[in-house]
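1. Provide a 3D model corresponding to the input given below.
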Amino acid sequence: MAERVQQPPAKRLCCRPGYNPACRQGQRAGGVLCGGPGSAPGGSGKTHNPESLLDIAARRVAEKWPFQRVEERFERIPEPVQRRIVYWSFPRSEKEICMYSSFNAGGEESGTSGENHEETQLPFLRGVTLLEGGWVDNVLQVGFHLSGTVTDPATSSQPEIICSVSVSFDRCKITAVTCSCGNKDIFYCAHVVALALYRVRKPDQVKLHLPISETLFQMSRDQLQKFVQYLISVHHTEVLPTAQKLADEILSTNSEINQVHGAPDPTAGASVDDENCWHLDEEQVQEQVKLFLSQGGYHGSGKQLNLLFSKVREMLRMRDSNGARMLTLITEQFMADPRLALWRQQGTTMTDKYRQLWDELGALWMCIVLNPHCKTEQKCWWLKQLRRWNSVDVCPWEDGNHGNDLPNLTHSLPQELLHKGITSITNMEGWVGHPLDPIGTLFSTLTETGRGAEEGANTCLDLSAWHSDMEKKVSGDLGPVPNTVGESYVALAVETALIGLGQQRVMPDGLYAQEKVCRNEEQLLAKLQEVELDDMLVKIFRKQAVFLLESGPYSGHGEIVHRESVPMHTFTRYLFTSLLPHDAELAYKIALRAMRLPVLESTASSGDLSRPHHMVSVVPNRYPRWFTLTHIESQQCELASTMLTAAKGDSRKLETVLESIQKNIHSSSHIFKLGQDAFKIATLMDSLPDITLLKVSLELGLQVMRITLSTLNWRRREMVRWLVTCATEVGVYALDSIMQSWFTLFTPTEATSIVATTVMSNTTIVRLHLDCHQQENLASSARTLALQCAMKDPQNCALSALTLCEKDHIAFETAYQIVLDAAATGMSYTQLFTIARYMEHRGYPMRAYKLATLAMAHLNLSYNQDTHPAINDVLWACALSHSLGKNELAAVIPLVVKSVKCATVLSDILRRCTLTTPGLVSALHSRRNSGKLMSLDKAPLRQLLDATIGAYINTTHSRLTHISPRHYSEFIEFLGKTRETFLMAQDGHIQFTQFIDNLKQIYKGKKKLMMLVRERFG
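-> Residues are numbered from 1 along each chain as shown. Reported below is the predicted structural model:
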């Protein structure tokens, strides 16, 4: 702890009202060793004498009475009595010294081997090292004051340092410390620890003197004068100014010092008015907390603050009044944190880590105000403090609902239940998630007590009287109270946890409060899982499971729960796995009851009580803000998966679990996961497939398909593929069934591209070991599905339908006719070109030509779309027409001229048509091919040539409208291509010359460009 350089001025004034000078004669002025005659037993001698009555009385007085009260009570106190009181007033336990000199609790660490460097740097352990190394010297106790020197041995980085240390104490507590090392910290430095432990461990080596005022009373006037003069002579540079000032005041009759009876003595112990508490440097506590808060979440500041909170808990556990004092100092700094005002101004919430620190702060204050050992005055003062802090604007609100503002649900209950005497279905306050964590605390207390008892005395309790009394009080509300006679602490801890976890409680408001409910539940379950179940605990589990099912509004497993009550999925999964080996029926009963999630359910009619999962919704149109709903649904899914796994091989249970899943789980992703889990369990490699579980998996997959059919889901394709795989494992009838009802499960695209294609694959046929007849039946269903899909969605399914129907002539012709019927209205040129290329690939060039012409009718390429993706399709269509013959080419060119306005594309088509003779396909039959190239002066190429020249002219004017100098060279190259096209005509040279002249005349303002045109084209 930060040591002050100077001791605080002594509050107490010492004098001897009944002092008799004659008593000085014959008394020793020197000191004696603490361990001299009459010292405490347990010294170095081999024999142990009974403790004297003087030591017994002196020890009790030293623990409870301030020394001033002793002096006031007795007119004269014999010197031996004073010595024993002074001796016993120093702390005798190292536990408190350790608490005030390290974060770690307990004194056991003094024996650690020092393997951890951080631990060895703790002040307490360093102090132990200094003591055991013999670095403590000149130890002197004068009354209630201990002093000495402690040497820090030299190291490679610093020389030897000798520190002067002094300690004041009262009633077995260290009340003040000073050390010349100058270290600033919350805890005592290692030098203070070394000196204090020296006094605790080696009391017989400490020379003890009575308070200095007692020694002065024994001196004559000459002795006093000699004493003062020697003192000033030895320390004249330090005390001379103070000595002269005091002398002047004493010699002045009217001075303030002469108005007071007696004089201060720092070695005389505490006065009656002094608070008896261990030394705590308040300034350093405030500075350290302020520093940690200013660091935000960096440098382990949160860890340091949690260590401070742990220190407060340690103090409270030891009933040290500094616990509340230290927490007050911490709270003041938390309230002064500038981030609170900033967050309030910005309307943002504090971080989760910071919120946890505030939660711990609140929990500690509840521990303090609920402490039954505190006095009424203390509680009143704390209440005043808490009200003052609460009135500050920046004081954060508690993010949770722990008040009594829950709705009265009586009016929303069915009348049948009201007639049974049920008038409430919620508890006002949840124990799990409560800031004070009562269940977790009680569980830990009982288990820790049980461990301690197992190491020592009997672990059983006789609570029969308590049981009979409690049974009378609560049996009407909670059912029969369990018989706790002879039960162990661990059994009581487990039962407490089960009661708390099964309590029906309304979900609190706010993200953090809801996360805290989940976190506390998981922490408590983690503790429960560390307990090994024996026969007694199994009985408790059975008993509590029955109570939870029958306890009505108290239980979260009751027949009716509040719509916004915390779900029981996580707890019930643990309960289910624990009960399953011992009572499977009960395990399934409670797990199925817990599967419900009322917050997602619609309002049930008040008269419908036939279903066990009947819900009551108080506010049916209000969807509460459950920030942890995703986590809750995942836990619901985990519970269902656990039941499915356990029910493998039991058809009745599997059917029951399936019904519960279909009724209560609303998330498609979680149903899909359950289906996958069931499929994996059913098809384990080391066993034969479980057909019942496979059917459950299939049913879940079908439900997913129905849920996601009309909604967007990024995993939809994965779900469809998995369903087909699952149906394949079930058998051919399952595949046929999903194809027969495809319209309720799949989109047309999914049905053709995934379902039907997979069904007709060789892999499926081999997997199912189908004979020819079965293959044909399955293929027929797939073709029927494909044609239905093509009719419903020809744009996306026509090509798949054609592919699937290739081996059946009638079906293929039907699919082709569907394409033709849809081509005029429902299909785009891209889709038609794709199908046309497919037809050519399959050896139907005329059908491909037909579809290509239909596609051309939908196409429109403007003059500047020279990189359009359809260009390749246009070139392919023209090449196909050219290969079929002159008539086909003549038919397609008007469509090209109408649809394509891009000059470069038209010129490319024109050149391709002039390079070869049309009718390459017909040439194989030696019929329609004349062997001559087509003339550009005659149809159909003349029309194409004119259209190309016109396109170049239009494009040229369009480019010149907004041309910039950096595009001049590119434009000149474009004119070069234009001239090549013009020259393909007989009078092309003349036309091009006229065209250039017109350009020079129209765009004569673009002088530089026209100069480039003249240089290139004249």
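
2. Pull out the buried residues from stretch 743-756.
-> Neighbour-count burial for stretch 743-756 flags 745-748, 750-756 (criterion: 16 or more other CB atoms under 10 Å). For every residue, glycine as well, the C-beta is placed using N, CA and C.

3. List of residues touching it?
-> Stretch 743-756 is contacted from outside by 702, 705-706, 709, 716-717, 720-721, 723-724, 738-739, 742, 782-783, 785-786, 788-790, 792-793, 796-797, 800-801, 804, using CB atoms under 8 Å, 6 or more residues apart in numbering.

4. Of those, which count as buried by neighbour count?
-> 702, 705, 716, 720, 723-724, 738-739, 742, 782-783, 785-786, 788-790, 793, 796-797, 800-801, 804.

5. going on from the helix or strand that contains Leu674, what's the next piece of helix or strand?
-> Counting by DSSP states H and E, the element that carries Leu674 is helix 668-682. Next along the chain after helix 668-682, taking DSSP H and E as the criterion, comes helix 691-708.

6. In three-state terms, label Val165 for me.
-> strand (DSSP: H, G, I helix; E, B strand; the rest coil).

7. I'd assumed Thr178 was in contact with it.
-> Yes: using CB atoms under 8 Å, Val165 is in contact with Thr178, at 7.1 Å.

8. Show me which of the two is the more surrounded one.
-> Val165 (27 against 19; other CB atoms under 10 Å).

9. list the contacts for the more buried one?
-> Contacts of Val165 by CB under 8 Å, 6+ apart are 147-150, 177-180, 191-192, 194-195.

10. Among these, name the ones in helices.
-> 191-192, 194-195 (DSSP state H).

11. Show the subsequent helix or strand relative to the helix or strand of the chain with the lowest mean pLDDT.
-> Sorted by mean pLDDT, DSSP states H and E, the helices and strands of the chain end with helix 415-419, the least confident at a mean of 39. Next in sequence after helix 415-419, counting helices and strands by DSSP H and E, comes helix 438-455.

12. what helices or strands is that following helix leaning on?
-> Where contact means 3 or more CB pairs under 8 Å, 6 or more residues apart in numbering; DSSP states H and E, helix 438-455 is packed against helix 489-501, helix 511-529.

13. Output these in a markdown table; the columns should cover mean neighbour count and distance to Val732.
-> Listed next are the helices and strands packed on helix 438-455 as a markdown table, based on neighbours: other CB atoms under 10 Å; distance: least, CB to CB, whole Å:
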| stretch | mean neighbour count | distance to Val732 |
| --- | --- | --- |
| helix 489-501 | 22 | 48 |
| helix 511-529 | 18 | 45 |
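
14. Give me the buried positions along the helix or strand hosting Thr331.
-> Using DSSP H and E, Thr331 maps to helix 322-335. Neighbour-count burial for helix 322-335 flags 322-334 (criterion: 16+ other CB under 10 Å).

15. For these, work out which two are farthest apart.
-> Asn322 and Phe334 (18.0 Å; CB to CB).

16. nearest to Thr237, of the ones in helices among the contacts of Val165?
-> For those, the nearest to Thr237 is His191 (24.9 Å; CB to CB).

17. Just give me the neighbour total for that closest one.
-> Count around His191 with other CB under 10 Å applied: 30.

18. Not including adjacent chain positions, what is the nearest residue to it?
-> Val150 (4.0 Å; CB to CB, 6 or more residues apart in numbering).

19. what about stretch 697-706, distance to the chain center?
-> 32 Å (CA atoms, centre = their mean, to the nearest Å).

20. same deal with stretch 869-879?
-> 57 Å.

21. pLDDT averaged over it, what's the number?
-> Across stretch 869-879, pLDDT averages out at 92.

22. got the CA positions of it in PDB?
-> The C-alpha coordinates for stretch 869-879 follow below in PDB (Å, rounded to 0.1, in the frame of the first residue of the first chain):
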ATOM      1  CA  PRO A 869     -22.300 -10.800 -75.600                       C
ATOM      2  CA  ALA A 870     -24.900 -11.800 -78.300                       C
ATOM      3  CA  ILE A 871     -22.600 -11.000 -81.200                       C
ATOM      4  CA  ASN A 872     -21.100 -14.500 -81.200                       C
ATOM      5  CA  ASP A 873     -24.700 -15.900 -81.300                       C
ATOM      6  CA  VAL A 874     -25.500 -13.700 -84.300                       C
ATOM      7  CA  LEU A 875     -22.300 -14.800 -86.100                       C
ATOM      8  CA  TRP A 876     -23.100 -18.400 -85.300                       C
ATOM      9  CA  ALA A 877     -26.700 -18.000 -86.600                       C
ATOM     10  CA  CYS A 878     -25.500 -16.500 -89.800                       C
ATOM     11  CA  ALA A 879     -22.900 -19.200 -90.200                       C
END
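
23. Just the buried positions in that stretch, please.
-> Buried, per 16+ other CB under 10 Å, within stretch 869-879: 870-871, 873-874, 876-879.

24. Among those, name the ones in helices.
-> 871, 873-874, 876-879.

25. and which of those is nearest Val599?
-> Distances from Val599 to those, taken by CB to CB, are shortest for Asp873, at 55.0 Å.

26. Enumerate every residue touching the closest one.
-> 829-830, 833, 852, 855 are the contacts of Asp873 under CB under 8 Å, 6+ apart.

27. in this structure, which spans are strands?
-> For the chain, the strands defined by DSSP state E occupy 13-14, 32-33, 136-142, 145-152, 161-170, 173-179, 207-209, 263-264.

28. List the pairing partners of the longest one within its sheet, with orientation.
-> Right, the one you point to is strand 161-170. strand 145-152 (antiparallel), strand 173-179 (antiparallel) (DSSP bridges).

29. so which of these comes closest to Val896?
-> Comparing the strands paired with strand 161-170 by CB to CB, strand 145-152 comes nearest, at 99.6 Å.

30. what's the angle between that closest one and strand 136-142?
-> 170 degrees (axes from the mean of the first three to the mean of the last three CA atoms, to 10 degrees).

31. Off-centre distance for strand 145-152?
-> 50 Å.

32. re the thing from before, outside of the helix holding Leu674 itself, list whatever touches it.
-> With CB under 8 Å, 6+ apart, helix 668-682 has contacts from 633-634, 636-637, 640-641, 644-645, 648, 661, 665, 689-691, 693-694, 696-698, 700-701, 703-704, 707-708, 711, 713, 715, 719, 722, 726, 729.

33. Name the spans of the chain whose pLDDT lies under the cut-off.
-> 1-48, 104-120, 297-300, 398-428, 452-487, 602-624, 919-932, 937 (pLDDT under 70).

34. coming back round to it: just checking, what packs against the helix holding Thr331?
-> helix 282-294, helix 301-317, helix 352-369, helix 376-390.

35. Next, the angle from the second one to helix 282-294.
-> This points to helix 301-317. Using the same axes, to 10 degrees: helix 301-317 against helix 282-294 is 140 degrees.

36. In helix 301-317, which residues are buried?
-> 301-302, 304-306, 308-309, 311-316.

37. What of the longest one?
-> With burial defined by 16+ other CB under 10 Å, the residues of helix 352-369 counted as buried are 354-365, 367-368.
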